[in-house]
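In: Got a predicted structure plus its sequence, pasted below:
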Amino acid sequence: MPNQDGSLTDADRVTLVRVLDRLIPTTDAELAAGALGILDTVEKRSAGEKATRSAFLRVVEALSLDLTAHAIGGFSAMTNPQQIQALRNIERTLPEEFSRFLGTVRDVYYENDRTPTRPENFDSDDEVFGRAFDTTEDDANPKPFSST
């Protein structure tokens, strides 16, 4: 849970690095969002606009309140499917905030000089890269997070 002044706790930072890795899946560990250290840029970009800052903080707060994470020992202790389910729950509960947060994460990731070029069909239903997948229901047909 963020501090009262809106700053992130160390636990928030650890959680958010894992979240970034779920939202921008990659098979190259060197290009993982968390490994690239984009969290600070995401946080700074989120602070630039009141609505974006609010969305960022609401998503962080929702992550810290996840009951499964509390029971297991934190978001990082959850399995990948549990993490994705937690993110999907936030997406369903806070669709506008989650969409704004996801958009900021994607923008910062693809603007980084070390990452691949943003796919041409980034906003299409066929786009795969840059989305987290829910494999809890059907491993053969994962469902990407929405882009809107």
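Out: Structure's in. What do you need?

In: going forward, measure contacts and count neighbours with C-alpha atoms only.
Out: OK.

In: Could you tell me which residues make contact with D10?
Out: If you count contacts by CA atoms under 8 Å, 6 or more residues apart in numbering, D10 has none.

In: and the gap between it and T52?
Out: From D10 over to T52 the distance is 21 Å, taken as CA to CA, to the nearest Å.

In: can you check V105 too?
Out: The span separating V105 from T52 equals 11 Å under the rule CA to CA.

In: next one: L63
Out: L63 sits 17 Å away from T52 when distances are taken as CA to CA.

In: who's more crowded, those two?
Out: Neighbour comparison, L63 and T52: the larger count goes to L63, with 24 against 20 (by other CA atoms under 10 Å).

In: where's stretch 37-44 relative to the chain centroid, distance-wise?
Out: Averaging C-alpha coordinates over stretch 37-44 and over its chain gives two centres that are 12 Å apart (CA atoms, centre = their mean, to the nearest Å).

In: Any buried residues in that stretch, and which?
Out: Of the residues in stretch 37-44, 38-39, 42-43 count as buried by neighbour count, 16 or more other CA atoms under 10 Å.

In: Where does the prediction get shaky in this protein?
Out: Scanning the chain for pLDDT under 70 picks out the ranges 1-4, 6, 67, 70-71, 73, 117-148.

In: Walking through it, point out its strands one by one.
Out: In the chain, the strands defined using DSSP state E lie at 133-134, 143-144.

In: how many neighbours does A62 have?
Out: Residues within reach of A62, counting by other CA under 10 Å, total 18.

In: nope, A11 is what I meant
Out: For A11, the count of nearby residues is 14 (other CA under 10 Å).
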